[in-house]
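Engineer: I would like to see how this sequence folds:
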Amino acid sequence: MTGRTALPPAGGTGAGGLLVVGEVVTDVVARHTGPLSPGTDTAAHIRILPGGAGANVACWAAHRGCGDVRLLAGVGRGDERWHAEGLRSAGVRPLLVPDAVAPTATVIALVDPSAERTFLTDSGAVHRLGPDDWSPGLLDGVGHLHLSGYLFFTPTGAQAARRALRAARERGVPVSVDPASAGFITGSGVPRMLAAFRGADVLLPNADEARLLGGRADPAEAAAELSRLFPLTAVTLGRRGAVVAERGAVTARVDAPAARALDTTGAGDAFTGAFLAARLRGADARTAAVEGCSAGARAVTLVGGRP
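Structural biologist: Okay, here's the model as predicted:
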């Protein structure tokens, strides 16, 4: 696999909207103020919120100034209205595919006193989005396509993602991928996942995902290695900010603004959404990363994954 030698801005100013293909999820966020007590009660603040990596990215992109954001995702039949209303209120056009068999994906997020989170995931309708749900017409008016990595971990989702990626390449629409989960990458195998992401212009992993995919312990070195395959790679480093690599070399290191973390759920999605919104406005990679870190710092001060 070889990367291209140049990457234009993601559509450039006024060049079209953002289409996210990913997931909507019903999040149950439980913030417990002390250690979990097995076999008895643990006091917690619990909220039920709309979430999902793809949906969160779309909402943050709209929040950060992208005027045309669309989301293609599967949802359990009966939940379409609640999720669609949540997306519309955030400025996102919902393209939801109702599933009569599987329920909407549900994630229980256990958030400890340090704001770190542990997820219990029932993927539900997320893993049933398939190639028949894709149409090239979905790219009409689109300047950038973003694919959630969760699509690639099931055969049908991977087929849908590859079909979307090929259609975008044929139209000259830049494509980004969020690798989504270090645990799922390990289970699927690094070579397989790198092959699945092949053709994407932009890769947006966190540090753990970058280490796995890039084969380097240092996230910056991993970013540089990955950018030989994916011309622009931006790795999020949590409270340490982000590192940007282009065509085999690190080109920027960006600090994260100080923030008092309440819930780190969705911080990476916030980075991605703001990063892509900036790119669609014509920003260079470093400026886009600054925008992403700003959104990520804001995200950790909120409960849930959306602005």
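
Engineer: now whichever strand or helix holds Val250: average pLDDT?
Structural biologist: Assigned by DSSP states H and E, Val250 falls within strand 249-254. The pLDDT scores in strand 249-254 average 98.

Engineer: what's next to it, contact-wise?
Structural biologist: The contact list for strand 249-254 (CB atoms under 8 Å, 6 or more residues apart in numbering) reads 220, 223-224, 227, 241-245, 285-286, 289-290, 292-293. Where you see a C-beta, it was placed from the backbone N, CA and C, and this is true even at glycine.

Engineer: so Arg279 sits against Gly143, correct?
Structural biologist: No - contact criterion CB atoms under 8 Å: Arg279 and Gly143 do not qualify, at 9.2 Å.

Engineer: dig out what Val28 forms beta bridges with.
Structural biologist: Beta bridges link Val28 to Ile48, Ile108, judged by DSSP bridges.

Engineer: residues in contact with it?
Structural biologist: With CB under 8 Å, 6+ apart, Val28 has these contacts: 46-48, 106-109.

Engineer: report the distance from the strand holding Val250 to the chain centre.
Structural biologist: The chain centroid and the centroid of strand 249-254 are separated by 21 Å under CA atoms, centre = their mean, to the nearest Å.

Engineer: who does the following helix or strand past that strand touch, helix- and strand-wise?
Structural biologist: For strand 249-254, the following helix or strand on the C-terminal side (DSSP H and E) is helix 267-280. Applying 3 or more CB pairs under 8 Å, 6 or more residues apart in numbering; DSSP states H and E, we find helix 267-280 packed against strand 17-23, helix 53-63, strand 142-148, strand 175-178, strand 232-236, helix 285-299.

Engineer: now tabulate those in CSV and tack on mean pLDDT and mean neighbour count.
Structural biologist: Listed next are those as CSV, based on pLDDT from 0 to 100; neighbours: other CB atoms under 10 Å:
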stretch, mean pLDDT, mean neighbour count
strand 17-23, 97, 27
helix 53-63, 97, 30
strand 142-148, 97, 26
strand 175-178, 98, 26
strand 232-236, 98, 29
helix 285-299, 97, 24
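
Engineer: so which of those gets nearest Arg162?
Structural biologist: strand 142-148 (9.3 Å; CB to CB).

Engineer: does anything pack onto the lowest-mean-pLDDT helix or strand in the chain? Which helices or strands?
Structural biologist: The weakest-scoring helix or strand in the chain, judged by mean pLDDT, DSSP states H and E, is strand 117-122 (a mean of 87). Applying 3+ CB pairs under 8 Å, 6+ apart, one finds that strand 117-122 contacts strand 105-111.
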